[in-house]
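*Asks:* When you get a sec, could you give me coordinates for this:
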Amino acid sequence: MADLFENEAPAPSSTAPAEPREDAPLADRLRPRTLSEVVGQEHLTGPEGSIGRMVAAGRLSSMILWGPPGTGKTTIARLLADSVGMRYAAVSAVFSGVADLKKAFAEAETAAKAGQKTLLFVDEIHRFNRAQQDGFLPFVERGTVTLVGATTENPSFALNAALLSRAQVLILERLGHEALGELLTRAEELERPLPLTDDARAALIASADGDGRFLLNQAETLYNAGLDQPLDPAGLGSFLQRRVAVYDKDRDGHYNLISALHKAVRGSDPDAALYYLARMLTAGEEPRYLARRLVRMAVEDIGMADPAALTQCIAARDAYEFLGSPEGELALVQACIYLATAPKSNAAYMAQKAAWRSAKETGSLTPPKNILNAPTKLMKNIGYGEGYSYDHSAEDAFSGDNYWPDEMEPQGFYQPTGRGFEKRVAERMEFWAARRKGRD
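*Replies:* Numbering: from 1, shown residues only. Below is the predicted model of the structure:
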């Protein structure tokens with residue numbers, strides 16, 4: 001590939017980022033100049049962090065920066081190149097194709113011949129398909145480029161295993177209130193105090209939902225408005241829009257929240273369960289999907305401890321279908337609260353797994369003849385149904401017969417707990433076990 005582009009001049013190497021124009025957006029004018037100025041990611045950029053250690057050693061390895069939007073992935077990549085004196089090149093998976101990648105690799109090889117190493121930053125790397133991702137491998141292995149990819153998607157699902165094995169995954173955290181407050185302070189030092197009351201300032205930080213770039217864009221809107229009087233929280237809410245929550249229905253945010261909802265229900269925390277249910281519904285999740293998941297929770301985590309839980313969830317589904325949104329969502333809320341406050345048992349779930357496993361292991365064993373129907377004379381002659389005890393005719397409607405194949409010992413798949421309705425079930429099972437033992 002280098003031969004195809006050997007006459008290409010390498011892109012100019014990056015040293016310190018160029019000074020932004022005076023009319024550049026506020027976020028660009030406040031972009032950090034050194035890694036020490038990056039806020040909220042000290043666990044990576046600090047002296048004990050992975051990035052801090054690599055910079056101190058003067059050697060970078062390929063890495064994937066995984067984190068929400070507006071947390072500094074692009075900034076860190078550019079500053080990394082400057083920190084160790086590498087040439088900086090960047091492509092975006094949104095706007096670049098195979099030709100752009102070939103050109104970037106060819107320029108990196110030309111630069112390498114001149115003794116200059118290249119840091120190749122690939123924004124939205126998860127948007128490249130599997131074949132394109134595989135195209136990075138030989139250049140990373142040969143050291144032609146040090147790859148720094150940025151993604152908002154879970155690398156475990158979005159990136160090839162081969163690529164992940166050659167790069168560290170570094171997780172950037174959403175910016176907390178302290179880090180976002182520091183960004184606003186820097187903006188005010190560069191411009192002027194924001195026209196906000198203290199409570200409105202706190203509300204502005206909360207509205208950013210951890211996204212530093214969004215926060216600075218909101219601050220710039222306030223500066224440009226030329227307000228005469230400071231806004232209170234109500235005034236701010238009327239003037240600005242909240243950031244739309246990060247939530248992709250078919251991606252990582254979706255699975256994280258449904259996992260959190262399920263575990264909050266299992267952990268009997270109705271308030272946390274309602275919070276995650278609200279997070280998903282307000283972000284636009286399909287209510288029918290949530291109804292299905294609530295049904296699953298009812299049978300997996302409540303089960304026989306409260307059999308009415310399943311009935312509640314089916315009724316909530318039907319109520320939603322009858323009422324529609326938003327009125328029908330209250331039925332889902334009621335089902336969620338019911339599940340979270342119900343006694344818990346996964347005995348039925350564990351029994352299913354054990355029974356399925358046993359069925360696969362034992363194959364095609366025939367049930368004992370005494371419990372087989374005998375609709376024909378031949379079947380009767382070979383013993384089908386012979387000696388069957390009709391339980392309703394026995395004392396306590398319990399015969400204690402054996403119902404297991406002759407080649408198989410009786411199994412104990414279902415082990416009820418002592419919680420809720422299952423406590424009564426457990427008592428009945430103990431009674432029956434004692435009767436069987438007496439009969440034996």
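*Asks:* secondary structure class for residue 65?
*Replies:* Per DSSP: H, G, I helix; E, B strand; the rest coil, the local secondary structure of residue 65 is strand.
*Asks:* Identify the residues contacting the residue nearest to it when sequence neighbours are not counted.
*Replies:* Sequence neighbours aside, residue 73 is the residue nearest to residue 65 in space, at 4.4 Å (criterion: C-beta to C-beta, 6 or more residues apart in numbering). C-beta here means a position set from N, CA and C on the backbone, and glycine is covered the same way. Counting by C-beta atoms under 8 Å, 6 or more residues apart in numbering, residue 73 makes contact with 65, 67, 123, 150, 172.
*Asks:* Likewise for residue 419?
*Replies:* 305, 343, 344, 345.
*Asks:* got a winner among these for most neighbours?
*Replies:* Greatest neighbour count in those, by other C-beta atoms under 10 Å, goes to residue 345: 25 neighbours.
*Asks:* Thought residue 420 was touching that residue, still the case?
*Replies:* Yes - judged on C-beta atoms under 8 Å, residue 345 makes contact with residue 420 at a distance of 7.0 Å.
*Asks:* what does stretch 381-388 contact?
*Replies:* The contact list for stretch 381-388, computed with C-beta under 8 Å, 6+ apart, reads 369, 370, 371, 372, 373, 374, 379, 380, 401.
*Asks:* Give the ChimeraX command for selecting the buried subset of those.
*Replies:* The buried residues among those can be selected in ChimeraX (16 or more other C-beta atoms under 10 Å) with this line:
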select :369,374,401
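*Asks:* and which of the contacts of stretch 381-388 is nearest to residue 231?
*Replies:* Residue 231 lies nearest to residue 371 out of the contacts of stretch 381-388, by C-beta to C-beta, at 78.0 Å.
*Asks:* Relative to residue 120, how far out is the closest one?
*Replies:* Going from residue 371 to residue 120 by C-beta to C-beta, to the nearest Å gives 70 Å.
*Asks:* Then residue 92?
*Replies:* In terms of C-beta to C-beta, residue 92 sits 12 Å off from residue 120.
*Asks:* Tell me which of those two has more neighbours.
*Replies:* residue 120 (27 against 15).
*Asks:* how about the nearest residue to the more buried one, chain neighbours excluded?
*Replies:* Leaving aside its sequence neighbours, residue 120 sits nearest to residue 145 (C-beta to C-beta, 6+ apart; 4.1 Å).
*Asks:* my read: that neighbour touches residue 118, true?
*Replies:* Yes - using C-beta under 8 Å, residue 145 is in contact with residue 118, at 5.0 Å.
*Asks:* could you point out which element follows the host helix or strand of residue 187?
*Replies:* Using DSSP states H and E, residue 187 sits within helix 177-190. Using DSSP H and E, the helix or strand that follows helix 177-190 in sequence is helix 198-207.
*Asks:* what's the helix or strand just after that following helix in contact with?
*Replies:* Downstream of helix 198-207, the first helix or strand assigned by DSSP H and E is helix 212-225. Contacting residues not belonging to helix 212-225 are listed as 25-27, 30, 39-40, 69-72, 175, 179-180, 183-184, 187, 191-192, 194-196, 204-205, 207-208, 231, 239-240, 243 [C-beta under 8 Å, 6+ apart].
*Asks:* mind running it again at 7 Å?
*Replies:* Here helix 212-225 makes contact (C-beta atoms under 7 Å, 6 or more residues apart in numbering) with 25-27, 30, 70-72, 175, 180, 183-184, 187, 191, 194-195, 204-205, 208, 240, 243.
*Asks:* Which elements pack onto whichever helix or strand comes after it?
*Replies:* With elements assigned by DSSP H and E, the helix or strand that comes after helix 212-225 is helix 233-239. Other helices and strands packing on helix 233-239, by 3 or more C-beta pairs under 7 Å, 6 or more residues apart in numbering; DSSP states H and E, are helix 198-207.
*Asks:* Next, the buried residues of the helix it packs on.
*Replies:* 200, 201, 203, 204, 205, 207.
*Asks:* which residues do residue 345 and residue 420 both contact?
*Replies:* Common neighbours of residue 345 and residue 420, using C-beta under 7 Å, 6+ apart, are residue 305.
*Asks:* any weak-confidence spans in the stretch 301-440 of the chain?
*Replies:* 440 (pLDDT under 70).
*Asks:* how about the helices in it?
*Replies:* 308-323, 329-341, 347-362, 377-381, 421-439 (DSSP state H, counting those that start in this stretch).
*Asks:* hmm, who's touching stretch 408-415?
*Replies:* 347, 351, 354, 355, 358, 362, 365, 404.
*Asks:* Three-state assignment for residue 91, please.
*Replies:* Residue 91 - assigned by three-state DSSP - is strand.
*Asks:* So it is in contact with residue 104, correct?
*Replies:* Yes - Residue 91 lies in contact with residue 104 (C-beta atoms under 7 Å); the separation is 5.6 Å.
*Asks:* Looking at these two, which is more packed in?
*Replies:* Neighbours per residue (other C-beta under 10 Å) separate residue 91 from residue 104, with residue 104 holding more: 23 against 19.
*Asks:* Please name the residues that touch the spatially closest residue to residue 164 that is not a sequence neighbour.
*Replies:* Here the nearest residue to residue 164 in space, its sequence neighbours aside, is residue 155; by C-beta to C-beta, 6+ apart that works out to 6.0 Å. The contact partners of residue 155, by C-beta under 7 Å, 6+ apart, come to 64, 66, 164, 169.
*Asks:* what do you get for residue 336?
*Replies:* 265, 273, 274, 277, 294.
*Asks:* Since that was my last question, I'll sign off now.
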